[in-house]
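Chemist: Build me a model from this:
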Amino acid sequence: MTTLRRLLEGFTSGRCFQRAATSTFSVFLLTLAVIAIAPHHAFSATRTARETVAYVPAAIWGDYLGQATGQSLTPHAVYWFEGADSSMGRIIGDLERYQADDAKAAPREPMVAFVGRYAAYPSNKLVPGVAVMDTAGTLLVDFPQGKSFAWSPDGMRLAVVLPRQAAPAPRARGGRAAAKRRPWAEPRYRAGVAVWDRHDGSLKTFLRFPSRTAWAGNDSLLLQYPDSVLVLQPRSGTVTRTAFHGSVISPDARFAMWPGGDGEDTRIYDEARGERITDALFAPFHQEDKAQIRSAFWVRGRGADHLMVISGCDGIQYPEPSCGTRVIDVSTGDVLKSFRGEAIGPTADGRGAVVFRRDRGRLEYHDLRPVALGHRTDRISDHGVTIESVEPDVSPRDRDTSPPKTKDPDSGTFY
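Modeler: Here you go, the predicted structure:
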């Protein structure tokens, strides 16, 4: 006899009524407890915490890792940090199976994409490319020979830039059985820009070879070339030229950043006026002997139309570098918030910043939503791109690790 049937018969029997009622009440209490607890665990297990950042120490501090941080960090490991941590975060994955050069947490899911080298099961040989793993260190999907990547704002898509030569298809981890459970882990692609949809496992490849990509909303991908920026619509495959001078655009599309690389300086533009404003934004750091511009990224979320976080240091090659971070209204140059330390990047949702405090030997989370909400500005039309939210930062590996430069305020070079 089933438990439910016994319980029902108990209600029809006077002598069992009291016992049945007691059992029912116990089940009722247990059900309430499950309802109250289950959503919390489901949420925490399937969502990326707002305060999260994933980073690779070597990408940020390079050869100066030890003296710049005073920490014994593993250079090419992926560290996962959440705001409640009082440390530098924790290493994820097996370091015998990968060596990362740069990494970024997915905006809404507990997974991280990285570029570097990794071992694709069943091989133990490290090969170059882009890969995605969860916070338990399980390799989910890989893109051999991938050069760079960008998460869409909602974390549903990953754009990967692949070289001109064709690359083999990535493999699912765990053989055929795992492939059946996770069909999205076996995308097929060609050279060019690959856009992987982790929801349905689809993958589209476009024969374009930009130096980098960045998302403008969840359905528009900006392609940066040396002298132009194009916008690709992954759904239709259409590509059009934009008026932007850089691929990393502000939420309101009034300003754009052309991230430096290969010896080129990073440039920031006022798109409405067609003017370069890098000097005006970086010069105050030079005047305070913080000539190394270590990071620059847009704040995201409601009200953060064109607020930028900029960090500068006197020199990370010094034993105890002095660093400062500011939240700046790019349109006016006003400093809305400042704090000590070096911002290593935006949080996964782009609405906060994670700052390294050398004097405290730890990372600190700063919620920038109050700053954005307290400083609303008028939005203007974009340059042919639907703006929702865009790729929020310059890659950590593009930071300036050179000695301070003083002759030219536009010397914040990102490598």
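
Chemist: contacts and neighbour counts: CA atoms only from here.
Modeler: Will do.

Chemist: Quick check: bridge partners of the residue nearest to the spatial centre of the chain?
Modeler: With distances taken as C-alpha atoms, centre = their mean, Lys104 lies nearest the centre of the chain, 4.0 Å away. Following DSSP bridges, Lys104 is listed with bridge partners Ala113.

Chemist: Not counting sequence-adjacent ones, nearest residue to Ser220?
Modeler: Using C-alpha to C-alpha, 6 or more residues apart in numbering and skipping residues adjacent in sequence, the residue nearest Ser220 is Gln233, 5.0 Å away.

Chemist: and the one you found, what pLDDT?
Modeler: Note for Gln233: predicted pLDDT of 96.

Chemist: Over to the one 10 residues further on?
Modeler: Ala243 is assigned 94 on the pLDDT scale.

Chemist: Thr135 contacts Ile91, correct?
Modeler: No - look at Thr135 against Ile91 with C-alpha atoms under 8 Å: they stay out of range, at 9.1 Å.

Chemist: Can you list the buried residues in stretch 83-97?
Modeler: 83, 85, 88-89, 91-93, 97 (16 or more other C-alpha atoms under 10 Å).

Chemist: So which of those belong to strands?
Modeler: Using DSSP state E, 91-92 are the members of those that sit in strands.

Chemist: Go through the buried residues of stretch 83-97 and name the one nearest Pro319.
Modeler: Closest approach between the buried residues of stretch 83-97 and Pro319, by C-alpha to C-alpha: Met88, at 18.9 Å.

Chemist: Can you give the domain ranges for the protein?
Modeler: Domain assignment for the chain by automatic domain parsing gives 3-40, 50-398.

Chemist: Out of those, which is the most enclosed?
Modeler: domain 50-398 (a mean of 20; mean count of other C-alpha atoms under 10 Å).

Chemist: how far does that one sit from the chain's center?
Modeler: Domain 50-398 sits 5 Å away from the centroid of its parent chain (C-alpha atoms, centre = their mean, to the nearest Å).

Chemist: comparing the domains of the chain, which gets the lowest mean pLDDT score?
Modeler: domain 3-40 (a mean of 40).

Chemist: Can you show me the strands along the stretch 201-350 of the chain?
Modeler: Taking DSSP state E, counting those that start in this stretch, the strands of the stretch 201-350 of the chain run over residues 203-206, 212-215, 221-224, 229-232, 239-241, 248-249, 255-258, 267-270, 275-276, 292-298, 307-313, 323-329, 334-340, 342-346.

Chemist: The ones you listed: which one's closest to Asn124?
Modeler: strand 203-206 (26.1 Å).

Chemist: Sheet partners, orientation included, of the closest one?
Modeler: With DSSP bridges as the test, strand 203-206 is paired with strand 192-197 (antiparallel).

Chemist: How about residues contacting the partner strand?
Modeler: 156-164, 187, 202-209, 234 (C-alpha atoms under 8 Å, 6 or more residues apart in numbering).

Chemist: These in helices, which ones?
Modeler: Among those, no residue falls in helices (DSSP state H).

Chemist: still on that earlier bit, wait, the residue nearest to the centre of the chain sits on Tyr55?
Modeler: Yes - with contact defined as C-alpha under 8 Å, Lys104 reaches Tyr55; the gap is 6.4 Å.

Chemist: OK, contacts around Leu95?
Modeler: Leu95 touches Ala77, counting by C-alpha under 8 Å, 6+ apart.

Chemist: Next, it: secondary structure please.
Modeler: coil (DSSP: H, G, I helix; E, B strand; the rest coil).

Chemist: how near is it to Gly137?
Modeler: Distance of Leu95 to Gly137, computed by C-alpha to C-alpha, to the nearest Å: 10 Å.

Chemist: got it, and Thr332?
Modeler: 44 Å.
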